[in-house]
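Engineer: Need coordinates for the following:
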Amino acid sequence: MAIEDRDRKILWARAHNSCAVCKTTLILGGTKGDRESVVGDEAHIVARSKGGPRAGLINSSDLDKYENLILLCKVHHKQVDDQPITYTVDHLRQLKAEHERWAHAKFGELAADSRPAQVDDAANELVQSARSRLAEAIQIAEGDVVLTAYPVKKEFVVSRSGEEEEEGYSVPEGFDMLLLDLEQMFEVALDGTGVSAENTWWRLGFDPADEINEYTARRMTFTLMPGHVRPPYGIRVTIDEKGKITKHGYRPDLELPEWRGGYGTGPRKLHTLIFDTRLVADSAVNDGYDFQGPWAFRIIDDPDKGKCIEGFCEAMWKKPERWRLLPK
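Structural biologist: Below is the predicted model of the structure:
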């Protein structure tokens with residue numbers, strides 16, 4: 001079998017011609033003498049070939065269906081196939097679904113099977129506006145941009161690789177709402193890099209010596225992580241514009257994320273971010289999660305909640321010690 005045109009059109013339309021991992025546009029505009037260049041791959045979640053990545057988990061008749069395809073750039077296609085333990089079937093399906101929700105919220109749904117011309121027009125328009133930015137963005141590596149925030153002083157500093165001097169900014173009216181403050185700082189820090197502030201991950205750094213009290217941190221850093229892929233297992237939090245924090249746990253023994261509750265106490269502020277993540281982590285540790293990585297944050301546009309902050313920390317779940325078998 002081969003991929004049918006209908007499945008192919010739906011895949012490209014719902015992904016808005018972009019990689020499900022890094023959001024890079026996969027159709028490059030044509031030049032005066034050449035046509036457009038397609039730089040994306042219609043990757044199989046479950047491999048078609050025997051012995052391939054994640055092979056043998058679905059019926060052979062379903063291998064070339066839209067449901068088993070994910071749109072990827074060539075770099076991430078190789079990565080997900082080289083690392084099948086990390087990129088499981090469930091993890092890839094989750095990445096695909098999240099990416100399509102993002103594309104729907106940002107660009108609007110394009111039904112490729114009924115309006116293919118609109119897909120091509122939208123793709124060309126997007127490519128033309130993004131070509132110069134993509135050329136710069138591809139050169140940005142992890143750690144090339146570091147944002148240092150001083151919530152109490154209402155200031156932040158941006159340092160970029162290759163630039164001798166840091167750039168300092170004051171936010172006299174800022175640091176009153178976590179979402180808006182982070183969104184503004186990320187946009188300023190990425191200005192001129194070609195990297196979009198939306199959906200780009202930043203690694204949170206904090207020195208306990210910078211803690212004024214358990215509720216207030218005077219300093220924290222955010223280090224750019226372009227191309228970062230969220231780990232398959234760990235704790236996820238979302239913080240919406242009203243300050244409501246929602247928590248989920250991703251465990252290898254569960255097909256769906258574990259609901260870990262949510263609470264709202266009004267708009268969150270940047271200086272309490274360390275305190276808020278500590279509360280989430282302490283609760284998860286008590287329930288058997290073993291944290292293995294730093295917290296990372298990004299701005300997302302959720303179809304249900306609108307603009308949100310998403311945070312994720314890699315963690316593995318094990319049975320808590322308090323779980324005991326009842327004596328017979």
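
Engineer: Please, where are all the strands along the stretch 1-150 of the chain?
Structural biologist: 27-28, 37-38, 40-44, 69-73, 145-150 (DSSP state E, counting those that start in this stretch).

Engineer: Name the stretch from those strands that approaches Ala209 most closely.
Structural biologist: For the strands of the stretch 1-150 of the chain, proximity to Ala209 was assessed by CB to CB; strand 145-150 is nearest, at 14.1 Å. To be clear about C-beta, it is placed using only N, CA and C from the backbone, and glycine gets the same treatment.

Engineer: out of the strands of the stretch 1-150 of the chain, which comes closest to Asp302?
Structural biologist: Nearest of the strands of the stretch 1-150 of the chain (CB to CB): strand 69-73, 20.4 Å.

Engineer: quick one, which of the strands of the stretch 1-150 of the chain is packed in tightest?
Structural biologist: Comparing the strands of the stretch 1-150 of the chain by mean neighbour count (mean count of other CB atoms under 10 Å), strand 69-73 ranks first with a mean of 25.

Engineer: which ones are touching the nearest residue to Asn68 once chain neighbours are set aside?
Structural biologist: The shortest distance from Asn68 to any residue other than its chain neighbours is 5.1 Å, reached at Ile45 (CB to CB, 6 or more residues apart in numbering). By CB atoms under 8 Å, 6 or more residues apart in numbering, the contact set of Ile45 is Arg54, Asn68, Leu69, Ile70, Val89, Leu92, Arg93, Lys96.

Engineer: rewinding a little: can you put the strands of the stretch 1-150 of the chain in CSV and add distance to Thr193 and mean pLDDT?
Structural biologist: Output for the strands of the stretch 1-150 of the chain, formatted as CSV (distance: least, CB to CB, whole Å; pLDDT from 0 to 100):
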stretch, distance to Thr193, mean pLDDT
strand 27-28, 19, 82
strand 37-38, 23, 86
strand 40-44, 22, 93
strand 69-73, 18, 93
strand 145-150, 7, 94
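
Engineer: now the ones you listed in a markdown table, with distance to Gly306?
Structural biologist: Below are the strands of the stretch 1-150 of the chain laid out as a markdown table (distance: least, CB to CB, whole Å):
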| stretch | distance to Gly306 |
| --- | --- |
| strand 27-28 | 29 |
| strand 37-38 | 33 |
| strand 40-44 | 29 |
| strand 69-73 | 25 |
| strand 145-150 | 23 |
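
Engineer: and Lys50, how far is that from Asn68?
Structural biologist: 15 Å (CB to CB, to the nearest Å).
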